[in-house]
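A.B. asks: Here is a sequence with its predicted model. Questions after.
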Amino acid sequence: MRVDIVSIFPEYFAPLDLSLIGRARANGTLRLAVHDLRGWTHDVHRTVDDTPYGGGPGMVMRPEPWGEALDALTPAELPPPRLLVPSPAGVPFTQALAHELAAEPHLLFACGRYEGIDQRVLDHAATRMPVTEVSLGDYVLFGGEVAVLVILEAVTRLLPGVLGNAGSLTEESHAHGLLEAPMYTKPATWRGLPVPEVLRSGDHGRIARWRRDEALVRTGRRRPDMLAGLDPQSLDKRDVAA
Ligand SMILES: N#Cc1c(-c2ccc3cc[nH]c3c2)n[nH]c1N
């Protein structure tokens, strides 16, 4: 997968040299480049923002640098990337969207700052490539960089070979529409607290049932909205009894 990121704070992405993302870059699974938007400005102050038409607080990111940046990163001889624009007004970023993005050959992230990017940048880009405004959640950040770090981590861990134990992907929260069950490791008793006996029973059928029940109960208590969204086909009669 190729990933390009455009930001006025390229140093925000230094952490992408670390850990599993760093390894994915080193082995070629992920080809990532970070670009400073100011490289596409032409004035002495390298200006990227201006006052909003119609008035209002703050500044808006100018379209010209963005237009030149997106042109430079989407050469006509290559298939267009999917443009992702973090925004409080975006569609929710979910595990399902992470899987969708993990199947894309080329992602291009546009990190806004100030009050956001001039809308015409997105409108014009949409004439040449798929554009998705995406939001991490219902709160407001200073800019898109943190969102890109989150999205990139969620997507990269889904790429083949990145996670040493691909089995993790099948049992984790949101992998099957539920929150994951509680996890335990040694010692068997810690500060007087024992590991649930079933997990030490060696009875894999009982263990699987216990984990499913715990996942259903935990999801019902913490995220009833997820239960409401579950495909009834994914439940069996034992789930109903839980
Ligand atoms: N994704 C996302 C966001 C943002 C966000 C994204 C981009 C910019 C550019 C200026 N301010 C921003 C806030 N706030 N909250 C979210 N869930």
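C.D. replies: Right, received. Where do you want to start?

A.B. asks: Touching the one helix or strand residue 4 maps to from outside, list them.
C.D. replies: Assigned by DSSP states H and E, residue 4 belongs to strand 2-7. Around strand 2-7, the neighbours that count as contacts under Cβ atoms under 8 Å, 6 or more residues apart in numbering are 13, 30-37, 66, 69-70, 73, 81, 105-111, 143-145, 148, 152. The way it works is simple: take the backbone N, C-alpha and C, and place the C-beta from them, glycine included.

A.B. asks: That one pairs with which strands?
C.D. replies: strand 31-36 (parallel), strand 106-110 (parallel) (DSSP bridges).

A.B. asks: so which of the ones you listed is the most packed in?
C.D. replies: strand 106-110 (a mean of 24; mean count of other Cβ atoms under 10 Å).

A.B. asks: so which of the contacts of strand 2-7 also contact the ligand?
C.D. replies: 143, 144 (Cβ under 6 Å from any ligand atom).

A.B. asks: Secondary structure of residue 11: a helix, I assume?
C.D. replies: Yes: counting by DSSP: H, G, I helix; E, B strand; the rest coil, residue 11 is part of a helix.

A.B. asks: coming back round to it: reformat the strands paired with strand 2-7 as a markdown table; add mean pLDDT.
C.D. replies: Output for the strands paired with strand 2-7, formatted as a markdown table (pLDDT from 0 to 100):
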| stretch | mean pLDDT |
| --- | --- |
| strand 31-36 | 97 |
| strand 106-110 | 98 |
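
A.B. asks: wait, which of the ones you listed is closest to residue 133?
C.D. replies: strand 106-110 (9.6 Å; Cβ to Cβ).

A.B. asks: And the contacts of the helix or strand that the closest one is followed by?
C.D. replies: The element immediately downstream of strand 106-110 (helix or strand, assigned by DSSP H and E) is helix 119-125. The contact list for helix 119-125 (Cβ under 8 Å, 6+ apart) reads 61, 63, 66, 67, 70, 83, 85, 110, 131, 133.

A.B. asks: so what's residue 110 up against?
C.D. replies: So residue 110 contacts 6, 66, 70, 83, 84, 85, 117, 121, 144 (Cβ under 8 Å, 6+ apart).
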